[in-house]
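Visitor: Next come a sequence and a model predicted from it.
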Amino acid sequence: MSRPVLIVNARLLDPATGLDRRGGVLVVGGRIAEIGPQVTVALAPPGTEVVDARGLCLAPGLVDLRAGFGEPGAEHKERFESGCLAAVAGGVTSLALLPDTVPPIDDPAMVEFVARRARQVKLAKVYPQAAVTRGLEGRELAELGLLKAAGAVAFTDGFKAVADARVMRRALAYASMFDGLLVQHPEEPRLAEGGVMNEGAVASRLGLSGIPSAAEVIMIERDLRLLELAGGRLHFAHVSTAAAVAVIRAAKARGLPVTCDTTPHHLLLTEAEVEGYRTFAKVSPPLRTEADRQAVIEGLVDGTIDAIASDHYPQDQDSKRLPFGQAAFGVIGLQTLLAASLALVHEGRIGLLDLLRRLTVAPASILGIEAGRLAKGAPADLVLFDPDAQWTVTEKSLYSLEKSLYSLAKNTPFEGRIFRGKVVRTLVDGRTVFEAEG
């Protein structure tokens with residue numbers, strides 16, 4: 001167990017309670033022992049590590065609903081070591097891992113593999129999501145009950161929608177027996193088949209096959225009907241269109257147990273990023289129109305969208321340095337999750353505590369994990385950050401001089417963008433697992 005840690009002179013931010021005041025935090029035995037303005041150096045037990053926050057923001061470590069690694073099967077794209085380094089460098093202390101590895105996480109042995117590798121790496125806490133269907137093939141249900149018992153926090157087929165309505169209905173009904181969470185990639189596959197970017201004028205001008213926005217809302221409307229029919233809990237990943245936001249808002253108003261998230265790139269970027277055939281802007285679902293982007297921001301602000309997820313999906317250079325139609329989908333996002341999201345705060349679109357709620361306690365509650373709170377007795381998973389520090393996203397800025405590249409991948413859609421907001425220190429169970437250089 002790590003030695004006691006005392007952080008003083010911090011701006012304490014706890015989205016779960018609305019706490020926003022100056023004070024300190026004492027960590028003993030990996031948990032928060034004391035918190036508040038009364039926490040000073042005088043409270044430090046012998047041998048305590050004292051950290052002067054110098055007025056910077058101290059918040060719960062970020063909880064990422066959706067990240068993918070390459071291990072096992074594609075370790076050249078991302079290993080646990082590199083992925084978890086990228087996570088803690090971005091202030092992410094807990095993440096839910098996608099199951100689309102080789103082999104996929106569709107049996108208890110693979111769930112246990114993820115837990116074992118996370119324990120070996122000892123950086124971010126990694127929670128496995130298991131496959132809904134065997135082999136992610138969309139036909140036969142995986143053993144959801146056994147996977148849940150082994151430690152799976154949710155069930156998803158990753159970037160593949162569960163397209164068969166009967167299979168989805170059975171999955172919802174089965175998972176409802178043990179309060180399991182189903183996470184759907186909302187895209188009707190036949191409508192999206194062959195598409196590589198958002199359908200519209202930009203795609204036509206570039207001569208690229210489009211994915212209509214209707215593909216997203218059609219799948220969402222179908223699954224909401226199945227949710228009413230079968231029961232259970234349903235979460236839609238990376239919502240990207242105005243129509244989808246409107247439908248989910250109406251479903252919540254009817255009391256349906258549905259949640260959803262979006263991503264920083266869908267909040268900040270549009271299909272215009274594809275101009276010049278920039279493959280680093282090729283994502284699934286695709287970047288949409290400015291009207292869609294504004295609707296997604298509005299959905300985040302009014303609570304229709306519950307959380308922001310990194311959608312970290314690393315690709316090697318050989319997978320991206322191809323003609324746009326042949327390049328792989330996916331961007332990295334762990335290291336830029338906080339900074340990119342803070343852009344909405346600096347633009348005056350959302351308050352700091354409200355934004356942090358969608359990055360901490362809200363995703364933790366969706367996953368049902370103990371995380372995302374800055375409170376006495378809570379795990380000491382913390383992020384200390386400077387909300388105003390400026391930096392430019394470049395390959396060099398995502399690189400550690402003392403270590404290797406945090407993520408093995410470089411496929412960020414924010415290359416060259418100036419952000420305000422930088423992680424200074426990240427702690428997991430009271431251990432400092434990242435400290436900014438300089």
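Guide: That came through fine. Quick caveat, the model's predicted, so the values are computed rather than measured.

Visitor: how about the most centrally placed residue in the chain, phi and psi?
Guide: Among the residues of the chain, the one closest to the centroid is residue 309, at 2.6 Å (C-alpha atoms, centre = their mean). Backbone torsions of residue 309, given as degrees, to the nearest 10, read phi -120, psi 150.

Visitor: now do residue 169
Guide: As for residue 169, its main-chain torsions (degrees, to the nearest 10) stand at phi -60, psi -40.

Visitor: distance of it from residue 69?
Guide: Distance, residue 169 to residue 69, by C-beta to C-beta, to the nearest Å: 31 Å. To be clear about C-beta, it is placed using only N, CA and C from the backbone, and glycine gets the same treatment.

Visitor: and those two? which has more neighbours close in?
Guide: Ranked by neighbour count (other C-beta atoms under 10 Å), residue 169 and residue 69 place residue 69 first, with 31 against 19.

Visitor: these two touch, right, the residue nearest to the centre of the chain and residue 263?
Guide: Yes - if you go by C-beta atoms under 8 Å, residue 309 and residue 263 touch, sitting 5.9 Å apart.

Visitor: Now do the shared contacts for those two.
Guide: residue 238 (C-beta atoms under 8 Å, 6 or more residues apart in numbering).

Visitor: From residue 366, how far out is the residue nearest to the centre of the chain?
Guide: Taking C-beta to C-beta, one finds residue 309 at 10 Å from residue 366.

Visitor: just residue 341 next, same as before
Guide: Residue 341 is 17 Å from residue 366, by C-beta to C-beta.

Visitor: Likewise for residue 415?
Guide: Counting by C-beta to C-beta - residue 415 and residue 366 are separated by 30 Å.

Visitor: Look at stretch 320-329 and report the distance between its end residues.
Guide: With C-alpha to C-alpha, to the nearest Å as the measure, stretch 320-329 spans 8 Å from end to end.

Visitor: re earlier: and the residue nearest to the centre of the chain, how far from residue 372?
Guide: Residue 309 sits 14 Å away from residue 372, taking C-beta to C-beta as the criterion.

Visitor: Equivalent analysis for residue 269, please.
Guide: In terms of C-beta to C-beta, residue 269 sits 26 Å off from residue 372.

Visitor: Between these two, tell me which one has more neighbours.
Guide: residue 372 (29 against 21).

Visitor: which ones are touching the more buried one?
Guide: Taking C-beta under 8 Å, 6+ apart, we find residue 372 in contact with 15-16, 60-61, 63, 94, 360-365.

Visitor: In strands, which of these appear?
Guide: 60, 63, 94 (DSSP state E).

Visitor: For those residues, give me JSON lines that also has pLDDT, neighbour count and distance to residue 223.
Guide: Output for the ones in strands among the contacts of residue 372, formatted as JSON lines (pLDDT from 0 to 100; neighbours: other C-beta atoms under 10 Å; distance: C-beta to C-beta, whole Å):
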{"residue": "60", "pLDDT": "98", "neighbour count": "30", "distance to residue 223": "31"}
{"residue": "63", "pLDDT": "98", "neighbour count": "28", "distance to residue 223": "24"}
{"residue": "94", "pLDDT": "98", "neighbour count": "27", "distance to residue 223": "26"}
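
Visitor: ok, of these, which one's closest to residue 45?
Guide: residue 60 (23.1 Å; C-beta to C-beta).

Visitor: Quick one: residues contacting that closest one.
Guide: Taking C-beta under 8 Å, 6+ apart, one finds 14-16, 93, 356, 360-361, 371-374, 378, 381-383 in contact with residue 60.

Visitor: can we see that at 6 Å?
Guide: Residue 60 sits next to 360, 372-374 when contact means C-beta atoms under 6 Å, 6 or more residues apart in numbering.

Visitor: nearest spatial neighbour of it, skipping sequence neighbours?
Guide: residue 360 (4.5 Å; C-beta to C-beta, 6 or more residues apart in numbering).

Visitor: got it, and residue 317?
Guide: Closest to residue 317 by C-beta to C-beta, 6+ apart is residue 410, at 7.1 Å.

Visitor: would you list the ones in strands among the contacts of residue 372 in TSV and tack on distance to residue 36?
Guide: Listed next are the ones in strands among the contacts of residue 372 as TSV, based on distance: C-beta to C-beta, whole Å:
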residue	distance to residue 36
60	15
63	23
94	24
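
Visitor: so where's the stretch 101-250 of the chain uncertain?
Guide: Counting by pLDDT under 70, the stretch 101-250 of the chain contains no low-confidence range.

Visitor: From residue 190, how far off is residue 181?
Guide: Using C-beta to C-beta, residue 181 is found at 26 Å from residue 190.
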